[in-house]
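>>> how does the following fold in three dimensions:
(chains A and B)
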Amino acid sequence: MSILTPTAPLTVPAEVLRSPGYWRTVGRRLRNDRVSMVCLAILALILIAAVFAPILAPADPYKASMLHRLKAVGTAGHLLGTDELGRDMLSRLMYGARLSLLMGCLPIGIAFAIGTTVGVTAGFVGGRLNMAVMRVLDVFYAFPSVLLAVAISGALGPGMLNSLISLTLVFVPPITRVAESVTTQVRRLDYIDAARMSGAPNWVIVRVQVLGNVMGPVFVYATGQISVCMILASGMSFLGLGVKPPEPEWGLMLNTLRSAIYVNPLVAALPGALIFVTSLCFNLLADGTRLAMDIRD
Amino acid sequence: MFAYMLRRIVYALPIALSVTVICFLLVHIAPGDPLSAVAPVDAPTEVIEALKRAYGLDKPLVVQYGLWLGRAVQGDLGSSVATGRAVTGEVLGAVSNTLLLAFVAACLGFLAGCAMGGIAGYRSRSVLDRVVSALSVAGVSVPHYWLGMVLTIIFSAQLHWLPAMGAGPGGSGAWTWDYAHIRHLILPAVTLSVIPMGMVARTVRALVADVLGQEFVQALLAKGLTHRQVFFHVVKNVAPTALAVMGLQLGYLLGGSILVETVFAWPGTGFLLNNAIFQRDIPLLQGTILILSLFFVALNLLVDIVQPMLDPRMRRS
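This next block holds a predicted model:
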């Protein structure tokens, strides 16, 4: 006996039958978020300016000129003015984006790789190993992050590689902690038991069930840290601990232009404004991603 | 309660101890021989050996650590390579200036953050709420060393209202609460207060919105309490967490102030660290980091202990 009459056949649209999948839904939600999209566009512009700096930059970022020092924004030939050595600001800001973005993202990338590996291992194995790893990490929480970065970098000595190392070390503990806590939660869930009963070996469970569910939250957390890392990395260069002159980098440019605030304040403030905009965009984009991933039916 | 406090203190001890280990190791991750700052490059081997013995560098690392810790506990952190003065004295003078700056900044940030977060929580999803959210995201994302520069440009270079640098007449050790000194504190403190302001505003906004949605607020209103009376109940619920956030933020300001101190030439630990790093003055670097981190550990401990005192809900769990 059927309640469906032949005149009304069961026509269910295909998209209802097939769930669009988690990541596709997240992507759609993110695309509908105007703030995130604007931020993404700005970041894309900065990235393009950085990658194609040799083609796009109007002048040589290293070419100094004593006659054209500290020209104002809008000077003919120097759209954003010149710095304290007469170098073209626009070109230096474009080239500077390369190092600044690299110093902001690379430590997070490395820390993400290390932190996820250590955190997932500790969380999945559990027991004594987990305890030991977490207690060691607690030590790093005993330092304010800026202080830790400055301490390591200061002891190793100024330089880009050393500041990359110190920044990575600053971000490994928090990322590991997030990975560990998510893994510990996931490990207790039924589908892990189901996978184990169906005969999956540990490494398959880790790769499929654990990583598949842990990567998302850890990734979102890590992207949220990029803005912190950008500010910190430029701050190290500002202190003279990171990139060395005459290399263009926003934090370092801000430092060398400090003496110009009485002569040409607008030019002096430019590199910092870019650090601010970039870090703000990363922050808002991370917030947007977090909201988009938080799907509750 | 007493057992809880004791447990927290006992738990903080190994942390403090490991902080000393890391600070001790800082000397050994530094490239080059620790002696290179003292001995000439072409010093004969016998002289180097003698110096090593004099500084205790010929002993195994663990023994060196023990000796160093023993002296540190007695307040002897060695002497600065650059000036020859005792590290402890140098650091403590600078720490008091940093604490002053960080404390004032934390208070400013806390008050502003609470006001903003409270308004946003009460008027959630309004235009004001959006403005506060935008401001707090901006506060968290702004490079504060740049904000310091911008404030200097506006209020010192352009308007000539406030001094751009230093801590006022009399130099680093002569702080008093008079106009001439407070003028110097305003810009650095406001600059530094932006970070805790953003964090506190975010936290308070979320807490207030959450508390207002709870049933007891409805019950109080139904009982006939005015909104002002209900407000005090909200404050009581929000205060412990907000204060804890501010306590932790104060700790982060101890580190974060390094950059702001550099911008404003504030004679605190940031200034000291800067000197230590560029003069390769490792004992000074080590001592400064050690004392600041121990303050940080103590502050975290204080927050852990005080929070349950303020919040009866935490005592029960």
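
>>> would you map the helices across the chain?
With no chain named, the answer covers chain A. For chain A, the helices defined by DSSP state H cover A:14-17, A:22-31, A:34-51, A:53-56, A:89-125, A:127-140, A:145-156, A:160-187, A:190-197, A:202-205, A:211-239, A:250-256, A:265-293.

>>> was after chain B, sorry
Assigned by DSSP H, the helices in chain B fall at B:2-29, B:45-55, B:61-73, B:87-122, B:127-141, B:144-152, B:179-212, B:215-223, B:227-264, B:269-278, B:282-310, B:312-316.

>>> is it true that residue A:209 touches residue A:186?
Yes - if you go by CB atoms under 8 Å, residue A:209 and residue A:186 touch, sitting 7.4 Å apart. All C-beta atoms are positioned from the backbone trio N, CA, C, and that covers glycine.

>>> within range of chain A, give me the residues from the stretch 201-317 of chain B.
Residues of the stretch 201-317 of chain B lying close to chain A by CB under 8 Å from any CB of the partner chain are B:251-256, B:258-259, B:262-263, B:273-274, B:276-278, B:280, B:282, B:285, B:289, B:292-293, B:296-297, B:300.

>>> at 6 Å what do you get?
B:251-252, B:254-256, B:258-259, B:277, B:285, B:289, B:292-293, B:296-297 (CB under 6 Å from any CB of the partner chain).

>>> filter the residues you listed to the buried ones?
Buried members of those, counted by 16 or more other CB atoms under 10 Å in any protein chain shown: B:251-252, B:254-256, B:258-259, B:277, B:285, B:289, B:292-293, B:296-297.

>>> closest to chain A out of these?
Nearest to chain A among these is residue B:255, at 3.0 Å by CB to the nearest CB.

>>> residues contacting the residue nearest the centre of chain A?
By CA atoms, centre = their mean, chain A has its centre lying nearest to residue A:226, at 2.9 Å. By CB atoms under 6 Å, 6 or more residues apart in numbering or on different chains, residue A:226 lies in contact with A:104-105, A:108, A:282.

>>> gap between it and chain B?
As defined by CB to the nearest CB, to the nearest Å, residue A:226 lies at a distance of 11 Å from chain B.

>>> remind me which residues of the chain are low pLDDT?
Since you didn't name a chain, this refers to chain A. Within chain A, the segments meeting pLDDT under 70 span A:1-19, A:295-297.

>>> switch to chain B, that's the one I care about
Counting by pLDDT under 70, the ranges of chain B that qualify are B:32-41, B:55-56, B:167-174, B:315-317.

>>> OK, contacts around the most centrally placed residue in it?
What sits nearest the mean C-alpha location of chain B, by CA atoms, centre = their mean, is residue B:254, with 2.0 Å. Residues near residue B:254 by CB under 6 Å, 6+ apart: A:144, B:102, B:292, B:295-296.

>>> right, and chain B sits closest to which residue of the stretch 1-150 of chain A?
For the stretch 1-150 of chain A, CB to the nearest CB, closest residue to chain B: residue A:144, 3.0 Å.

>>> find the residue closest to that residue in space, skipping its chain neighbours.
Leaving aside its sequence neighbours, residue A:144 sits nearest to residue B:255 (CB to CB, 6 or more residues apart in numbering or on different chains; 3.0 Å).

>>> ok, that neighbour touching residue A:146?
Yes - at 3.9 Å, residue B:255 and residue A:146 qualify as touching, with contact defined as CB atoms under 6 Å.

>>> any idea how many residues pack against residue 229?
This is for chain A. If you count neighbours by other CB atoms under 10 Å in any protein chain shown, residue A:229 ends up with 26.

>>> the intended chain is chain B.
The local packing of residue B:229 (other CB under 10 Å) involves 12 other residues.

>>> could you tell me how many residues sit around the nearest residue to it once chain neighbours are set aside?
What sits nearest to residue B:229 in space, not counting adjacent residues and going by CB to CB, 6+ apart, is residue B:220, at 7.4 Å. Residue B:220: 16 surrounding residues under other CB under 10 Å.

>>> now do residue A:84
18.

>>> isn't it up against residue A:258?
No - contact criterion CB under 6 Å: residue A:84 and residue A:258 do not qualify, at 9.4 Å.

>>> using CSV, write down the CA coordinates of stretch A:192-203.
Taking C-alpha atoms only, stretch A:192-203 is exported to CSV below (Å, rounded to 0.1, in the frame of the first residue of the first chain):
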residue,chain,number,x,y,z
ILE,A,192,37.4,5.9,16.1
ASP,A,193,36.3,2.7,17.8
ALA,A,194,34.3,1.8,14.7
ALA,A,195,37.4,2.3,12.5
ARG,A,196,39.5,0.2,14.9
MET,A,197,36.9,-2.6,14.9
SER,A,198,36.8,-2.6,11.2
GLY,A,199,40.5,-3.5,11.3
ALA,A,200,42.1,-0.1,10.4
PRO,A,201,45.7,0.1,11.7
ASN,A,202,46.7,3.1,13.9
TRP,A,203,48.4,5.1,11.2
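
>>> for chain B, what's the nearest residue on the stretch 151-297 of chain A?
Using CB to the nearest CB, the single residue of the stretch 151-297 of chain A nearest to chain B is residue A:272, 2.8 Å away.

>>> not counting its neighbours along the chain, what's nearest that residue?
Closest to residue A:272 by CB to CB, 6+ apart is residue B:146, at 2.8 Å.

>>> so how many other residues sit close to that neighbour?
A count of nearby residues for residue B:146, using other CB under 10 Å, gives 28.

>>> go on, residue A:145?
With neighbours defined by other CB under 10 Å, the count for residue A:145 comes to 21.

>>> next one: it relative to residue A:232, how far apart?
Here the criterion is CB to CB, to the nearest Å. By it, residue A:145 lies 7 Å from residue A:232.

>>> same thing with residue A:285?
Residue A:285 is 18 Å from residue A:232, where distance means CB to CB.

>>> if we can go back for a sec, hang on, the residue nearest to residue A:272 packs against residue A:271?
No - using CB under 6 Å, residue B:146 makes no contact with residue A:271, being 7.9 Å away.
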